[in-house]
Structures are given as C-alpha cells and as structure tokens.
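Undergrad: have a look; sequence and predicted model below, questions after that.
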Amino acid sequence: MATTGGAGRPEKRKAITQAATVVFGREGYVRASMDAIAAEAGVSKRTVYNHFADKENLFLSVALRNSAELTERIRELMAKYLDRVVDLRQDLTDFAVERARAVLSAGEHGALGRAIRAEVANIPADVLEAWLEAGPVASQRDLAQHFEALAERGLLAGGDAALAAEQFTLLTFHGIAERSFWGALPVADEEVRRVAAVGVDAFLRIHGVSAASTARG
C-alpha cells in the first residue's frame, strides 16, 4: 500500500478507511468513487491517494480489516463457549446464537460484506480471495479445530472436522443470515435461538457420539 509519513497521517488514514467502509457499504465496489470517499472523510482526493495507490488497494485494506475484526469476534465466542464445554448441546446452541447476533449486528462491517456478496463478479479475484481467507474461511477453519478438540475429548464423533464445521454453519446460521439478507433486515431473537437449537439437534444427530455408536452398531 502506498503510504506517507508525517504528523497527523495515522489519523487521516484512519478517517479514510472509516469513510471507505461507509461508502463501499453504501455504494458497492463499482459505484464507489475516490471522490466520494474523500468527501466522506473530509480530506482531499490527493490525500486519499497519498495513503492508498488506487481504489482496489483501498478496498482490499478496508475489506481485510473488517473481515479480520469480525473473525476475531467469532474466535472469542468459540473460546468462550467451545473451549470448556460443560453441556455440549447448550454450549453449541449458545455459540450459534451469539455468532448469529455478532454477524447480524455488524453494522457498517455487515454492509461491506453485503456489498461484496452482491458484487462478487465485479470484485478483483485477488481481493475476493484475500477477504474470504481472512473471514469466512478462517472462521470455518477455527471451528473445525474446535470440533477436532471436542472429538478428542469424546464429546463429538471423529471424522472430517472441516465437513462438520461446514454442516454446523449451514444448520445453525445460514438460514438466519439469508433471511436477514446478512444483517440488512432484523430477525427476532427468539427466532435466532429457535433456528440455532433445531440446527444443533440436527448436527448432533449426525456428529454426536451416540449417532456414531448407532452407525457402528
């Protein structure tokens, strides 16, 4: 990324990235302009270019930052609910609920994610790949590692942990995400919890220890 030094530069860079998050989330990648971002940030377009070489470079920076922040929040939720499991069904349900809440309430972060999904064909391939790796892919990988640990403790059946993580997400999260258009529309909290609980029950019928025992029998 093209940057310059000097007093006050970090503050201007922060203002630019915050403005870019708003503008990209509102306008999408193609329609957003460096002029609009500069106006939102209260700086000149030259100042924007002093910090970022071009729109793709700025979009990548903003997308990675937003994706990493949400991924870290979900990682914290995994640690809270899945590192020291006492009641497997309850802890999985609570994690699913809190993950959904985190995504649905992501605000400007969520708007940027919606813009990426809406314009996926127009996003530069390297930017899209980097965003996926920092966000959805990283979260699924983290979840698979937790499921491997739970299997080692005898709380889940062993097997393909990556597949288990994918199925857990499909069963407990994607329905709510799609229904809310990834946070654009509200979903009642009781409905979030209902979908999570039903999804966890289905997940445990597939990957629970009792399910594995029945299959072997």
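TA: Structure received.
Undergrad: now the longest helix along the chain, how far from the centre of its chain.
TA: For the chain, the helix with the greatest residue count under DSSP state H is helix 55-82. Centroid displacement of helix 55-82 relative to its chain, using CA atoms, centre = their mean, to the nearest Å, is 6 Å.
Undergrad: tilt between the following helix or strand past it and helix 55-82?
TA: The element immediately downstream of helix 55-82 (helix or strand, assigned by DSSP states H and E) is helix 88-104. Counting by axes from the mean of the first three to the mean of the last three CA atoms, to 10 degrees, helix 88-104 lies at 160 degrees to helix 55-82.
Undergrad: could you say what helices and strands helix 88-104 packs with?
TA: Counting contacts by 3 or more CB pairs under 8 Å, 6 or more residues apart in numbering; DSSP states H and E, helix 88-104 packs against helix 55-82, helix 175-179, helix 189-207. C-beta coordinates here come from the backbone N, C-alpha and C atoms, glycine included.
Undergrad: if we go to 10 Å?
TA: Contact analysis of helix 88-104 by 3 or more CB pairs under 10 Å, 6 or more residues apart in numbering; DSSP states H and E lists helix 55-82, helix 108-118, helix 136-152, helix 161-169, helix 175-179, helix 189-207 as its packing neighbours.
Undergrad: only alpha carbons, please: show the fourth one as PDB.
TA: Meaning helix 161-169. The C-alpha trace of helix 161-169 is given here as PDB (Å, rounded to 0.1, in the frame of the first residue of the first chain):
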ATOM      1  CA  ALA A 161     -13.900 -31.900  11.100                       C
ATOM      2  CA  ALA A 162     -14.000 -29.400   8.200                       C
ATOM      3  CA  LEU A 163     -17.200 -31.100   6.900                       C
ATOM      4  CA  ALA A 164     -18.600 -31.000  10.400                       C
ATOM      5  CA  ALA A 165     -17.900 -27.300  10.700                       C
ATOM      6  CA  GLU A 166     -19.500 -26.600   7.300                       C
ATOM      7  CA  GLN A 167     -22.600 -28.600   8.200                       C
ATOM      8  CA  PHE A 168     -22.900 -26.800  11.600                       C
ATOM      9  CA  THR A 169     -22.800 -23.400   9.900                       C
END
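Undergrad: which residues sit against that helix?
TA: The contact list for helix 161-169 (CB atoms under 10 Å, 6 or more residues apart in numbering) reads 92, 95-96, 99, 136, 139-151, 156-158, 160, 174, 177, 199-200, 202-204, 206-207.
Undergrad: no further questions, thank you.
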